[in-house]
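In: Quick one: sequence and predicted model below, then my questions.
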Amino acid sequence: MRSEGERGINPASLPYAMLVLVMALLLSLFSWSARAQADPDLKALVDHLKFVIPDETALVDPHRFERFVAQYQKRASAAGLHDIDRQTAYVLVAVYTSGKGIEQREFKQLMAHPPTAPDEFSDAMIGLPQSVYDSGAPLWENDAYAKAR
């Protein structure tokens, strides 16, 4: 027969351990929402994208969408795009290609020295070859991001 110390988990502490585990899981599930709420720039960009392409964003899991937008917003900022309009254009390319358009040579060349004037930036984005936009499936068609059907 085992002594008290050799039994492992005390059955009386099991409900407490389960409660702690469930709380940790819930916190991890909602941490991205909390981060978006804590980061007003991210929240503004997510809300703006939902306004610009509401039907498409409705097909994407909201938590995964926030994580995706956060990732590409950081990349847009690293490229010198600090205003919401140019960040939106950058992230839209990522959303419409599941991130693959951002990796295209022509896109990278543009982002090496992006125009600062909104009209010039818009013209440059429109002038990207179709191959940039055809490089990947839209986020809502990507099983890793789409809502369960």
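Out: It's in.

In: Helices along the protein, start to end?
Out: Assigned by DSSP state H, the chain shows helices spanning 14-38, 40-52, 54-57, 62-78, 84-97, 105-112, 118-126, 130-133.

In: Of all those, which one is nearest Ala146?
Out: The closest of these to Ala146 is helix 62-78. By C-beta to C-beta, the value is 8.7 Å. The C-beta positions use only the backbone N, C-alpha and C, and glycine is treated the same way.

In: Buried residues, that closest one. List them.
Out: 64-70, 72-73, 75-76 (16 or more other C-beta atoms under 10 Å).

In: give me the low-pLDDT residue ranges for the chain?
Out: Under the criterion pLDDT under 70, the flagged ranges of the chain are 1-38, 149.

In: of all the buried residues of helix 62-78, which comes closest to Ile53?
Out: Looking across the buried residues of helix 62-78 and measuring by C-beta to C-beta, the closest to Ile53 is Phe65, at 10.9 Å.

In: Serialize the helices of the chain to JSON lines and add fields for distance to Leu139.
Out: Putting the helices of the chain into JSON lines (distance: least, C-beta to C-beta, whole Å) gives the following:
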{"stretch": "helix 14-38", "distance to Leu139": "16"}
{"stretch": "helix 40-52", "distance to Leu139": "10"}
{"stretch": "helix 54-57", "distance to Leu139": "8"}
{"stretch": "helix 62-78", "distance to Leu139": "7"}
{"stretch": "helix 84-97", "distance to Leu139": "5"}
{"stretch": "helix 105-112", "distance to Leu139": "16"}
{"stretch": "helix 118-126", "distance to Leu139": "18"}
{"stretch": "helix 130-133", "distance to Leu139": "13"}
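
In: from these, which stretch is densest packed?
Out: With neighbours defined as mean count of other C-beta atoms under 10 Å, those peak in mean count at helix 84-97, which reaches a mean of 21.
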